[in-house]
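>>> coordinates only, sequence not included:
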């Protein structure tokens, strides 16, 4: 197909469509990691495991505890550091993680920026984790699905990284509400 100079923007979508085609709507959200489950059930699994399982610890406990001592911005950075280390064992058994190579740097940056998004949401929701549980489940549904590998997952992740940069600036410049008094101090008052 011959293209004029003005058609340059159509080259990338054209190549993607010819290489892989449009995603099949019938397979939306399905994954070989959870074979045979329709996307609503996959979403429930993501919500119960990665959503509630991770966010109860990261944003439901660790973030508020840290935010009582430092700003929400710095608490987000500390949560991201723990989150990165927590994923460490996956590099020994998960082929996706093992194949990252130098991409691990971008992955770590994405977790830091994602931490800013989720911290901003949590603090803005008066320290409720419900929004971040749903967000995390939706993110996993869209990026961990078999059809999402490559361009779709990368695009969604890039959008989240941009949002994370914006949230980082907001957390840096604004005083987000702190969860004061939510967690009792030790008997020594420390």
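Sure thing, it's come through. Not measured: the values here are computed from a predicted model.
>>> The residue nearest the centre of the chain is in what secondary structure piece?
Central residue of the chain (Cα atoms, centre = their mean): residue 114, 5.1 Å from the mean position. Residue 114 is part of helix 104-124 when elements are defined by DSSP states H and E.
>>> pLDDT (mean, whole number) over that helix?
Within the predicted structure, the mean pLDDT of helix 104-124 is 95.
>>> Give me the angle between the longest helix along the chain and helix 104-124.
Of all the segments of type helix in the chain, defined by DSSP state H, the longest one is helix 151-173. Using axes from the mean of the first three to the mean of the last three Cα atoms, to 10 degrees, the inter-axis angle of helix 151-173 relative to helix 104-124 is 60 degrees.
>>> For helix 151-173, give me every contacting residue.
With contact meaning Cβ atoms under 8 Å, 6 or more residues apart in numbering, helix 151-173 is reached by 16, 20, 23, 71-73, 76, 109-110, 112-117, 119-120, 123, 139, 142-144, 148. From N, CA and C alone the C-beta is placed, and that goes for glycine too.
>>> again, only this time at 6 Å
72-73, 110, 113-114, 116-117, 120, 142-143 (Cβ atoms under 6 Å, 6 or more residues apart in numbering).
>>> Same question for stretch 69-89.
Counting by Cβ under 6 Å, 6+ apart, 58, 62-63, 66-67, 108, 111-112, 115-116, 119, 123, 171-172, 176 sit against stretch 69-89.
>>> Which neighbouring elements make contact with whichever strand or helix holds residue 46?
According to DSSP H and E, residue 46 maps onto helix 39-46. Helices and strands touching helix 39-46, by 3 or more Cβ pairs under 6 Å, 6 or more residues apart in numbering; DSSP states H and E, are helix 130-143.
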